[in-house]
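how does the following fold in three dimensions:
(one chain, ligands or ions: 3)
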Amino acid sequence: MNMQSGRTTLSKFLIEQLRGRDDGADLGALLVDVAAAVKAIAAMTAKGALGGVLGALDARNVQGETQKKLDVLANDAIIQGCEWGGLVAGMASEELEAPYAIPAEFKRGKFLLVFDPLDGSSNTDVNVSVGTIFSVLRHEPEAAPAEADFLQPGSRQVAAGYAIYGPATMLVLTVGAGTHGFTLDREVGNFILTHPQLAIPEDSSEFAINTSNERFWEPPVQRYVCECKAGRSGERGRDFNMRWIASMVAEVHRILMRGGVFLYPKDTKDPGKPGRLRLLYEANPVALLIEQAGGYASTGRGRILELEPGALHQRVPVMLGSRNEVARLERYHAEHDRGDDQPFVSPLFNERSLYRPEMALGSGK
Ligand SMILES: O=P(O)(O)OC[C@H]1O[C@](O)(COP(=O)(O)O)[C@@H](O)[C@@H]1O
Ligand SMILES: [Mg+2]
Ligand SMILES: [Mg+2]
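Ligands and ions are numbered 1, 2, ... in the order given. The predicted structure is shown next:
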């Protein structure tokens, strides 16, 4: 018996999903190019120390973050894999200050590809899952795209996805009709549909947040997390579990598999930044995947997919996952903004606490 014959490959899936759509063939071809680049990145990350690709470079990206060798290699793999096919009009990346212009020798296509080549890259040196996040937008005009052409709300994405380089490499994507997961069959080199039509439970008892930032959070987020930690003895009446992997891709993947909520809220740690994660190539693609699986993605004060981007590397607060948990977070923000929430005092800040905000590192006092 041929074990391969009953399997749905990524190409077959895309042909079926995109049949009859205006630019379906081109979009499918672009996603196959992205998948090929992802396979190359998977091979690089899997080699680990043997590939000589771990460690940092003596360089910083536009966000002022130290670039890892793998950040740059992954960036190059996507650009080289997608620039020549006549499918993209331009690309933008976390690792590049300005959009990448398609060289004159290649035909320009009608899509814009926006990506975070390696998400969670602080984890490469400790052999913890990392990923690649991408978003596809339309670009109708013939002219080469300007930066402003990339500033489209997430609701206009025609496709979005991520790859996760974990024990197995998976590609999770949406073309606007559900969120679907594919696992890389390394021997054959194909992505195989293994997780069709992912569905996030509406309720959950698992949250993910970097609690080392607790003292910098806004009161509604402090209230939510405090209630989760109080478990069955508090407001929520049930115990919660917590995770923090420091790779958003890995957190989102867990949420797509079994529910939960992920928060990277606005904080006052670096008052110049309205959040940690970037709108165009982190928050938007992941928000579309989450919503296509029945979840919800918010800043705490509104739907992420409706935000009008103001800059290529704009940051936003992110709260996503199980619908009812994210709705609760929005309610806490609304109550706080109206001033009709219970004054919330985190145990960190109460009278008996050893902690005093004025003694905090960086408080300037
Ligand atoms: O350092 P922290 O606060 O744990 O932040 C981790 C977050 O930063 C990120 O690593 C940012 O992504 P990059 O690695 O692409 O910069 C997210 O994946 C993750 O959620
Ligand atoms: Mg990232
Ligand atoms: Mg990155």
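
any weak-confidence spans in the stretch 251-365 of the chain?
In the predicted model, the stretch 251-365 of the chain carries pLDDT under 70 at residues 343-365.

show me which residues of it are close to ligand 2?
For the stretch 251-365 of the chain, the contact set with ligand 2 under C-beta under 5 Å from the ion comprises Glu282. All C-beta atoms are positioned from the backbone trio N, CA, C, and that covers glycine.

wait, what's in contact with the residue nearest to Glu206 when sequence neighbours are not counted?
Once flanking residues are discounted, Glu206 sits nearest to Gly260: 3.8 Å by C-beta to C-beta, 6 or more residues apart in numbering. Gly260 is in contact with 204, 206-208, 243, 251, 254, 321-322, 325, counting by C-beta atoms under 8 Å, 6 or more residues apart in numbering.

now Trp84
Going by C-beta under 8 Å, 6+ apart, the list of residues near Trp84 reads Phe106.

just the buried subset of the contacts of Gly260, written out for PyMOL, thanks.
Buried members of the contacts of Gly260, defined by 16 or more other C-beta atoms under 10 Å, are picked up in PyMOL with:
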select buried, resi 204+206+207+208+251+254+321+322+325
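
will you turn the contacts of Gly260 into TSV that also has distance to Leu193 and secondary structure?
Conversion of the contacts of Gly260 to TSV gives the following (distance: C-beta to C-beta, whole Å; DSSP: H, G, I helix; E, B strand; the rest coil):
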residue	distance to Leu193	secondary structure
Ser204	25	coil
Glu206	26	strand
Phe207	30	strand
Ala208	27	strand
Arg243	26	strand
Glu251	23	helix
Arg254	20	helix
Gly321	23	strand
Ser322	24	coil
Glu325	28	helix
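
closest one of the contacts of Gly260 to Glu140?
Gly321 (33.7 Å; C-beta to C-beta).

pairing partners for that closest one in the sheet, please.
Beta bridges link Gly321 to Val261, Tyr296, judged by DSSP bridges.

that one and Glu291 touch, don't they?
No. Taking C-beta atoms under 8 Å as the definition, Gly321 is not a contact partner of Glu291, at 10.8 Å.

in terms of pLDDT, where does the residue lying closest to Val249 once chain neighbours are set aside sit?
Nearest residue to Val249, sequence neighbours excluded (C-beta to C-beta, 6+ apart): Gly131, at 2.9 Å. Note on Gly131: pLDDT of 98.

who's Gly131 bridged to?
The partner residues for Gly131, given DSSP bridges, come to Asp119, Ile164.

that one contacts Met170, doesn't it?
No. If you go by C-beta under 8 Å, Gly131 and Met170 don't touch, sitting 9.1 Å apart.
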